[in-house]
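**Student:** from the sequence below, what's the structure:
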Amino acid sequence: MDTLDVIPLRSFLAIASCGGFHRAAAALHLSQSAVSQHVRRLEQVVGAPLVERNGRLMMFTPRGEILLSEARRILDVHDEVLRTVRVPHETDTLVLGSTEHGAEQMLPEIIASLRHAAPGTEVRLRLDRTARVTEALEAGRLDLAVILEIGTASPLQPKLRLGWFASPEWTAPSDGPVPLVQFDPPCVMRPAVLELMAASGRPFHTVVEVGDLAGGQSAARSGLGAILLPVVDRGLEGLRPVLGLPEPPPVRMRVRGRDGVPARIVRVVQHAVDTAFS
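**Tutor:** Numbers count the residues shown, from 1 in each chain. Next comes the predicted model:
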């Protein structure tokens, strides 16, 4: 009987969270060929393509979008059951949850730092939106969480900022509401967008709601509207900065640990995050 293995599913989610195969491979500390093989294994089980190319851009097929949603649910249940029934042994496991935003920059630094600071420890990754990562940490399903905090800057993360982005062909209307691409709830970005637009008095309308970073970037690249995203200095492939929209607030990435996780480990991960954006 065909089965959906959790390792390929983790790679598949990383592709969505990081915005492509190359970035997912770097975040997971795998080769790009390994990530591609994981997707092929899933496609063999499903019996249909899950991703497709549109020029230089990678997009999920309708069946791939369905699998993304189900994969998150499968991995949530899998990890929770494993943490409940697994007999502790000498090789410990750290379950790290991270926001999708900036994952490609942070995760290689984090994994390398943890392997040096805690050799022999297995690091298991969960990439999702900040609200869900926070919920999983508070429910005890994560050991560590890297979350996005809006409204507070970090002098140690000068390259990280919020910005408005759209396709190169898109222009903001001179009058009338601004079309926006927004993340559906729960999401820390959505309240920030609503507060910005309300404070500026600029009318807007939501043209599409998306459930993950890859969907948001794809919608913006398609010219549907502008989207507010955290970025580093190098920008985003296939998107350009949009001028003339309300100035975004500062932002930072903060690391939290559940009760019982050594403070030293939390500091190691925070230092790795700061290094990634310094």
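**Student:** now do the contacts for the residue most central in space within the chain.
**Tutor:** The centre of the chain sits closest to Glu100, judged by CA atoms, centre = their mean, with a distance of 0.9 Å. Taking CB atoms under 8 Å, 6 or more residues apart in numbering as the criterion, Glu100 is in contact with Ala16, Ser17, Cys18, Leu127, Asp128, Arg129, Asp212, Leu213. From N, CA and C alone the C-beta is placed, and that goes for glycine too.
**Student:** check contacts around the closest residue to Ala192 other than its chain neighbours.
**Tutor:** Excluding the flanking residues, the one nearest Ala192 by CB to CB, 6 or more residues apart in numbering is Ile150, at 4.9 Å. Residues in contact with Ile150 (CB under 8 Å, 6+ apart) are Leu162, Val188, Met189, Ala192, Pro249, Pro250, Val251.
**Student:** next, the residues that contact the one helix or strand Ala27 maps to from outside, please.
**Tutor:** Taking DSSP states H and E as the criterion, Ala27 maps to helix 21-28. Around helix 21-28, the neighbours that count as contacts under CB under 8 Å, 6+ apart are 10-11, 14-15, 17-18, 31-32, 34-36, 39, 58, 103-104, 106-108, 125, 127.
**Student:** likewise stretch 256-275?
**Tutor:** So stretch 256-275 is in contact with 94, 96, 106, 109-110, 112-114, 117-118, 134, 137, 140, 142-147, 154, 156-157, 253-255, going by CB under 8 Å, 6+ apart.
**Student:** helices - which of the residues you listed land there?
**Tutor:** For the contacts of stretch 256-275, the ones inside helices are Met106, Glu109, Ile110, Ala112, Ser113, Leu114, Ala117, Thr134, Leu137, with DSSP state H as the criterion.
**Student:** between the residues you listed, which has the most around it?
**Tutor:** Going through the ones in helices among the contacts of stretch 256-275 with other CB atoms under 10 Å as the criterion, the one with the most neighbours is Ile110, at 28 neighbours.
**Student:** find the nearest non-adjacent residue to that residue, please.
**Tutor:** Taking CB to CB, 6+ apart, and ignoring the residues beside it in sequence, Ile110 has Ala272 as its nearest neighbour in space, at 4.5 Å.
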